[in-house]
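A.B. asks: generate coordinates for the sequence data below:
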Amino acid sequence: PCSIQAGLCKQPSLEITAEGAQVRGEHVLSFAACVGNEEIVHLLIENGADIRTQDSLGNTVLHILVLQPNRTFACQMYNLILSYDKQEGNLEPLDLIPNNEGLTPFKLAGVEGNTVMFQHLLQKRKQIMWSLGPITTILYDLTEIDSWGEDQSFLELVVSTKKREARRILDITPVKELVNLKWNTYGRPYFYFLALFYVLYMICFTMCCVYRPLKNRSDNQTDERDNTIIVQKTLEESYLTYEDQLRLVGELITVIGAMAILLLEIPDILRVGATKYFGQTILGGPFHVIIITYACVILITMVMRLTSTEGEVAPMSFALVLGWCNVMYFARGFQMLGPFTIMIQKMIFGDLIRFCGLMAVVIFGFASAFYIIFQTENPSNLGQFYSYPMSLFSTFELFLTIIDGPANYDVDLPFMFCVVYAAFAIIAALLMLNLLIAMMGDTHWRVANERDELWRAQVVATTVMLERKLPRCLWPRSGICGQEYGLGDKWFLSNTNHVQYFYYCFLFCRIQVA
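C.D. replies: As a prediction, this is how the structure comes out:
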């Protein structure tokens, strides 16, 4: 507890007015810092107020300042509070204390998209190595920026937040330079190799499906609608010839690949959480659902093959669709195609799902009406609506304009069929389908305006994913070790403009020659 009686005696009447700003904090010091009264802040700290005090969310006064709307004043107050951090004993520096979510003030500024505070903190951490005229070599501290070896990556936090302002952090030096260095040096080559390896893997799986063990049907057909002439072999009959042994190698590769996919995906689900892992479009959430489902279906197919269970064609065909659709995930490695994968995801999980809800209501309503209208008619002449399930299916085909009005116009039709069908044609063909086109057009426009930001965010997410999964021997740490310049164990990134440097050297040499 702190005593500020002396201060109150000097100023017994204190009136504070805050207009248009939200003041956050559970402690007097946080309140005073947010208001911006430096005298009260000095008075509180000098009389024993603990600058390391954390509220119920784990936020220190520095976290609170990051969240303030008046960012210029918040930077000034940040410096003032930090000047009182004595770091006595083994105490952790004030600006490195995390809140309950594991965010330091620096990381919180990035997640919130507070570019003013973020750049201010970067300027405090940079080291100027040398300066020659207009050329300056600056070492930027990569502490809390570089995701190498961190469980909670700053870059991953920035791209996974829902705030668009946070993605602007990726354009700030040295974040932009660090991402470009990692992507061009390690990320792009490894990602392209992974894409090629996956395509070859899917070709192997496809060939195993095409040449799956089949034999001619031995029993007689008892149903005139049964058109099956070839059936799958039992387990004992499936691996006898040389071609079967060759296919077995491909099947083993497929199963091992499916198990490897699960082993790589499950740890990330446990680390991040299922909601965030599958729900973030930038992180490839829907594609994670596809690839995990694919791996599970492959294992189901393997069990059915080992037990000689009929019907393996169902999971096998489903796995083929999922596996090849997942190839679109690797489009994020190309600037032209990357944003389109996000566009497709937003259209499917946003526009199309909402449209399907409206479509289901319309189909159920009109299908019921068509069934009632033809309920008393001879089904041999009007067979499209002879049962309720068939009526639903026929109405669905009508909705998608696959068929025209399914009626026998050689006989007298109920008058209400013409009325209901006309209403259905107007609502379904004219209104609903054009509504879907308009919704998708709006989504395309919104994504197109953010295509550059989305591309950078995809590159960051892909780089962090590869860096986390690959062994350290294949992905060394980026930057310059501070020990080379006597700056301790921290890592730095230089932003020397070599083109500008050589340009001025060239001009200097020409002046000397002249």
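
A.B. asks: tell me what the nearest residue to Ser494 once chain neighbours are set aside is bridged to.
C.D. replies: Excluding its sequence neighbours, the residue lying closest to Ser494 (CB to CB, 6 or more residues apart in numbering) is Leu139, at 5.7 Å. Just so you know, the C-beta spots here come from the backbone N, C-alpha and C atoms, and that holds for glycine as well. Beta-bridge partners for Leu139, by DSSP bridges, are Gln127, Ser494.

A.B. asks: tell me the contacts of Leu139?
C.D. replies: Lys126, Gln127, Ile128, Met129, Ile480, Tyr485, Leu487, Phe492, Leu493, Ser494 (CB atoms under 8 Å, 6 or more residues apart in numbering).

A.B. asks: out of those, flag the one nearest to His444.
C.D. replies: Taking CB to CB as the measure, His444 lies nearest Leu493 of the contacts of Leu139, at 36.8 Å.

A.B. asks: quick check: end-to-end length of stretch 271-288?
C.D. replies: Start-to-end span of stretch 271-288 (CA to CA, to the nearest Å) is 14 Å.

A.B. asks: list the buried residues for that stretch?
C.D. replies: Val272, Tyr277, Phe278, Gln280, Thr281, Ile282, Leu283, Gly284, Gly285, Pro286, Phe287, His288 (16 or more other CB atoms under 10 Å).

A.B. asks: which secondary structure elements does the lengthiest helix in the chain contact?
C.D. replies: With secondary structure taken from DSSP state H, the chain has its longest helix at helix 242-272. Counting contacts by 3 or more CB pairs under 8 Å, 6 or more residues apart in numbering; DSSP states H and E, helix 242-272 packs against helix 188-210, helix 285-306.

A.B. asks: which secondary structure elements does the helix or strand just after it contact?
C.D. replies: Next helix or strand after helix 242-272 toward the C-terminus (DSSP states H and E): helix 274-279. Of the remaining helices and strands, those touching helix 274-279 by 3+ CB pairs under 8 Å, 6+ apart are helix 285-306.

A.B. asks: buried ones in the helix it packs on?
C.D. replies: For helix 285-306, using 16+ other CB under 10 Å, the buried residues are 285-288, 290-292, 294-302, 304-305.

A.B. asks: same question, stretch 175-188
C.D. replies: Across stretch 175-188, burial judged by 16+ other CB under 10 Å covers Val175, Glu177, Leu178, Val179, Leu181, Lys182, Trp183, Tyr186, Gly187, Arg188.

A.B. asks: which one of these sits closest to Ile266?
C.D. replies: Gly187 (23.1 Å).

A.B. asks: Val459 is in contact with that closest one, correct?
C.D. replies: Yes. Counting by CB atoms under 8 Å, Val459 is a contact partner of Gly187 at 7.2 Å.

A.B. asks: circling back to that earlier point, make CSV from the contacts of Leu139 and add neighbour count, pLDDT and distance to Asn37 to it.
C.D. replies: Converted to CSV, the contacts of Leu139 look like this (neighbours: other CB atoms under 10 Å; pLDDT from 0 to 100; distance: CB to CB, whole Å):
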residue, neighbour count, pLDDT, distance to Asn37
Lys126, 16, 82, 30
Gln127, 15, 80, 34
Ile128, 9, 79, 34
Met129, 14, 75, 39
Ile480, 17, 82, 42
Tyr485, 12, 76, 41
Leu487, 16, 77, 37
Phe492, 24, 81, 37
Leu493, 21, 83, 38
Ser494, 15, 79, 41
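
A.B. asks: now, the buried residues of stretch 175-188 that are in helices?
C.D. replies: Val175, Glu177, Leu178, Val179, Leu181, Lys182, Arg188.

A.B. asks: could you list the low-pLDDT ranges of the stretch 351-500 of the chain?
C.D. replies: Counting by pLDDT under 70, the stretch 351-500 of the chain shows low-confidence ranges at 379, 381-383, 402-411, 496-500.

A.B. asks: Asn37: which of the ones in helices among the buried residues of stretch 175-188 is nearest?
C.D. replies: Distance to Asn37 across these (CB to CB) is lowest for Val175, with 33.8 Å.

A.B. asks: check contacts around the closest one.
C.D. replies: Counting by CB under 8 Å, 6+ apart, Val175 touches Ile145, Leu155, Ile169.

A.B. asks: doesn't the last one lie inside a helix?
C.D. replies: This points to Ile169. Yes. Per DSSP: H, G, I helix; E, B strand; the rest coil, Ile169 lies within a helix segment.

A.B. asks: show me the contacts for it.
C.D. replies: Ile169 neighbours (CB under 8 Å, 6+ apart): Gly110, Gly113, Thr115, Phe118, Val158, Val175.

A.B. asks: and if you look at Leu96?
C.D. replies: Thr104.

A.B. asks: at 10 Å what do you get?
C.D. replies: Leu62, Thr104, Pro105, Phe106, Thr143, Glu144 (CB atoms under 10 Å, 6 or more residues apart in numbering).

A.B. asks: which two of those residues have the greatest separation?
C.D. replies: Farthest pair in these (CB to CB) is Leu62 and Thr143. Separation: 15.6 Å.

A.B. asks: so between these two, which is more surrounded?
C.D. replies: Leu62 (29 against 16; other CB atoms under 10 Å).

A.B. asks: name the helix or strand for the more buried one, please.
C.D. replies: Assigned by DSSP H and E, Leu62 belongs to helix 61-66.

A.B. asks: for the next helix or strand after that helix, buried residues please.
C.D. replies: Using DSSP H and E, the helix or strand that directly follows helix 61-66 along the chain is helix 71-82. Neighbour-count burial for helix 71-82 flags Arg71, Ala74, Cys75, Met77, Tyr78, Ile81, Leu82 (criterion: 16+ other CB under 10 Å).

A.B. asks: which non-adjacent residue is nearest the fourth one?
C.D. replies: Setting aside the residues directly before and after it, Met77 is nearest to Ala33 in space (CB to CB, 6+ apart), at 5.2 Å.
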